[in-house]
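Asks: Here you go, sequence then predicted model.
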Amino acid sequence: MSVVLEDIVKRFGNTVAVDHISLAVEPGEFVVLLGPSGCGKSTLLRIVAGLEAPESGAVRVDGRDVTALEPRDRDLAMVFQNYALYPHMSVAGNIGYPLRVRKRPQAEIDAEVLKVAAKLGLAELLNRRPKELSGGQRQRVALARAIIRRPKAFLMDEPLSNLDARLRVETRFELKHLQHELGAATLYVTHDQAEAMTLAHRIAVMRDGRVLQFDTPFNIYNRPANLFVAGFLGSPSMNFIGLPGNGTTLGVRPEDVEISPVPFEKGQPATVYAAEEMGNETFIRISLPAGERLTARVAADVRPDFDAPVWYRFRAGRTHLFDTKTTEAIQ
C-alpha cells in the first residue's frame, strides 16, 4: 500500500506550515520526515492522519483520495510521542482495543493479542497496567496496538523521543526489523538525524514548511542538495569555508579532514584549538591562519596538545561546493 501527498498546503494564520509538498511513500517503504522544530513535519503527518485539514492538495492511500475522510476511515495507524495508552486498561486491553472497537469476537482478539505481544516481547506483561511499565515497554505496547489493526500504513510522530539513549538505540533495531517483517508503508517524523539515517529507506529533509531534499540516507549525506542539508546531517556537522572572490562555499566532512603533526604533501599549517576524546575516535578543532576553524574526525589514539602546530588537508574527491548566494550545491 502506498501513501501519496499531492501539493499539500497548510497555513496557520499568516504562517505557512506546509508549503506545496508532494512526496510518495511506496509499498513497504520507510520514509522519514526530518527537520528542526517548527519545520512543518508533524503538521504534515497530522494531515496524512486526518487530524488536520490541508488548505489545498490531496492525500491518497493505496490510490484512494482520503483527503476529506475522518481519521478512522483512512485505515492508518498512528503511534504518538506520548504513547497515548489507556491507564485503566491492562497491556492486553490496550493492545486489543482497536479490535474491540471493530467488534471482533473475543476469542479472535485474545489470539491476535498473544501473537502480537509475543512478536514484541510483551507476552509476560499482558496483565500489567501502563504505570507498571518502563518507557521502552510502553512504547512497544503502543506499537503493538498499532500493529494489531493491520493498517495500510503506519504514521509515527517522534515515537522514541521519550526513551533514554541506550533504549533508543535498541528500539531502533526492533522497529527497523519489525517494519521489514510487516512490509507496511511507514511515514515517520523525527528531529534526530541518527534515527533518520538508520531507519529510513528515504529521508525528506524539511525546513520552513518545504522539503529541501528527498533521497536515500547515503545520497543525502554524501550528495547534499544545499548548505542547510549539508550542515544538518552529520555529527560533527560539515565544515564550511567561504571562498572569496568566486561566490562559492567549500564544504568538507570532519572525517575527510586529514591531520598530521608534521608537514605532509599538500598540507596546510594550522594550530589545535581543542580536542574531544570520544573513546573510539577523537574530534580535533583546528584554527587556520585566516581565522576559520575546522573539525577533523581522527583515530582515538590521536591526542594533540592545545595550541600545538599541525598540518591539514582534505581527502581527494571528498569536498563539496555550494553557491553562497543560492545555497544550492554546484554539481
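Replies: All right, it came through fine.
Asks: Okay, strands next: where are they in the stretch 151-300 of the chain?
Replies: 153-157, 185-190, 202-207, 210-215, 239-243, 248-252, 257-260, 268-277, 281-287, 293-299 (DSSP state E, counting those that start in this stretch).
Asks: ugh, wrong one, I meant the stretch 1-150 of the chain
Replies: Per DSSP E, counting those that start in this stretch, the stretch 1-150 of the chain carries strands over the ranges 3-12, 15-25, 30-34, 56-61, 64-65, 76-79.
Asks: What helices and strands are in contact with the longest one?
Replies: The helices and strands touching strand 15-25, judged by 3 or more C-beta pairs under 8 Å, 6 or more residues apart in numbering; DSSP states H and E, are strand 3-12, helix 41-49, strand 56-61, strand 185-190, strand 210-215. Where C-beta positions appear, they are placed from N, C-alpha and C, glycine not excepted.
Asks: so how far is residue 62 from the residue lying closest to residue 185 once chain neighbours are set aside?
Replies: Closest residue to residue 185 apart from its sequence neighbours, by C-beta to C-beta, 6 or more residues apart in numbering: residue 153 at 4.2 Å. Distance check for residue 153 against residue 62: by C-beta to C-beta, to the nearest Å, it reads 8 Å.
Asks: Tell me which of these two has more neighbours.
Replies: Counting neighbours by other C-beta atoms under 10 Å for residue 153 and for residue 62 shows that residue 153 has the greater number, 24 against 14.
Asks: So the more buried one is in contact with residue 188, correct?
Replies: No: counting by C-beta atoms under 8 Å, residue 188 is not a contact partner of residue 153; they are 10.8 Å apart.
Asks: Show me the longest helix that occurs in this structure.
Replies: helix 165-182 (DSSP state H).
Asks: any chance of the helices and strands packed on strand 15-25 in TSV, with mean pLDDT, distance to residue 239 and mean neighbour count too?
Replies: Shown next, in TSV, are these (pLDDT from 0 to 100; distance: least, C-beta to C-beta, whole Å; neighbours: other C-beta atoms under 10 Å):
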stretch	mean pLDDT	distance to residue 239	mean neighbour count
strand 3-12	97	34	18
helix 41-49	96	27	23
strand 56-61	96	38	17
strand 185-190	95	25	26
strand 210-215	98	19	20
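Asks: any chance of the ones you listed in a markdown table, with distance to residue 231 too?
Replies: Shown next, in a markdown table, are these (distance: least, C-beta to C-beta, whole Å):
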| stretch | distance to residue 231 |
| --- | --- |
| strand 3-12 | 26 |
| helix 41-49 | 18 |
| strand 56-61 | 29 |
| strand 185-190 | 17 |
| strand 210-215 | 11 |
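Asks: is it true that residue 135 touches residue 165?
Replies: No: counting by C-beta under 8 Å, residue 135 does not reach residue 165; the two are 11.9 Å apart.
Asks: okay, these two: which has more neighbours?
Replies: Neighbour totals were compared for residue 135 and residue 165, and residue 135 leads with 15 against 7 (other C-beta under 10 Å).
Asks: The helix or strand hosting residue 310 pairs with which strands, parallel or anti?
Replies: Following DSSP states H and E, one finds residue 310 within strand 309-314. In the sheet, strand 309-314 lines up against strand 257-260 (antiparallel), strand 268-277 (antiparallel) (DSSP bridges).
Asks: now the strands of the stretch 1-150 of the chain as JSON lines including distance to residue 219?
Replies: As requested, those are exported to JSON lines (distance: least, C-beta to C-beta, whole Å):
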{"stretch": "strand 3-12", "distance to residue 219": "20"}
{"stretch": "strand 15-25", "distance to residue 219": "15"}
{"stretch": "strand 30-34", "distance to residue 219": "14"}
{"stretch": "strand 56-61", "distance to residue 219": "26"}
{"stretch": "strand 64-65", "distance to residue 219": "31"}
{"stretch": "strand 76-79", "distance to residue 219": "27"}
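Asks: Might one say that residue 98 is in contact with residue 142?
Replies: No: assessed by C-beta under 8 Å, residue 98 is found out of contact with residue 142, at 11.7 Å.
Asks: Quick check on the two: which one has the bigger neighbour count.
Replies: Taking other C-beta under 10 Å, residue 98 and residue 142 do not tie; residue 142 has more neighbours (24 against 19).
Asks: For that one, give me the pLDDT.
Replies: For residue 142, the pLDDT comes out at 89.
Asks: what does residue 155 give?
Replies: On the pLDDT scale, residue 155 gets 94.
Asks: Then residue 115?
Replies: 91.
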